[in-house]
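J.: Coordinates only, no sequence provided:
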């Protein structure tokens, strides 16, 4: 009977350890996901700024041509 009780206690400790590990793993996964999303937003913002900068280039070229003509 005492051995069964010890086995149950060991099982309970292992289960608690697993639960803690899973919680930490989930938290780390959520943190990584947040960082990935933040990185995507920043990338999209920079790409949008590049697109806007490129979009005005033809007008700038025409203006330069007109001033040199």
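T.: Good, I have the coordinates. Just so it is clear, the structure is predicted and the values come from calculations on it, not from any experiment.
J.: Helices of the protein, start to end?
T.: 2-68 (DSSP state H).
J.: so where is it shaky, pLDDT-wise?
T.: By pLDDT under 70, the low-scoring segments of the chain are 69.
J.: Recalculate using a threshold of 90.
T.: Applying pLDDT under 90 to the chain flags residues 1-3, 55-69.
J.: Burial check on residue 18, number of neighbours?
T.: Neighbourhood size, residue 18 [other C-beta atoms under 10 Å]: 10. All C-beta atoms are positioned from the backbone trio N, CA, C, and that covers glycine.
J.: no no, residue 33
T.: Neighbour count for residue 33, taken as other C-beta under 10 Å: 10.
J.: any idea how far it lies from residue 27?
T.: 11 Å (C-beta to C-beta, to the nearest Å).
J.: Residue 54 too?
T.: Applying C-beta to C-beta to residue 54 and residue 27 gives a distance of 41 Å.
J.: Also residue 66?
T.: 60 Å.
J.: ditto for residue 60
T.: Distance from residue 60 to residue 27, by C-beta to C-beta: 49 Å.
J.: And for residue 9?
T.: Between residue 9 and residue 27 the computed distance is 27 Å (C-beta to C-beta).
J.: In contact with the most centrally placed residue in the chain, which residues are there?
T.: The centre of the chain sits closest to residue 36, judged by C-alpha atoms, centre = their mean, with a distance of 1.6 Å. Listed by C-beta atoms under 8 Å, 6 or more residues apart in numbering, residue 36 has no contact partners.
J.: ok, it to residue 68 distance?
T.: 48 Å.
J.: Likewise for residue 50?
T.: Between residue 50 and residue 68 the computed distance is 27 Å (C-beta to C-beta).
J.: out of those two, which sits in the busier spot?
T.: It is residue 50, of residue 50 and residue 68, that has more neighbours when counted by other C-beta under 10 Å, with 10 against 6.
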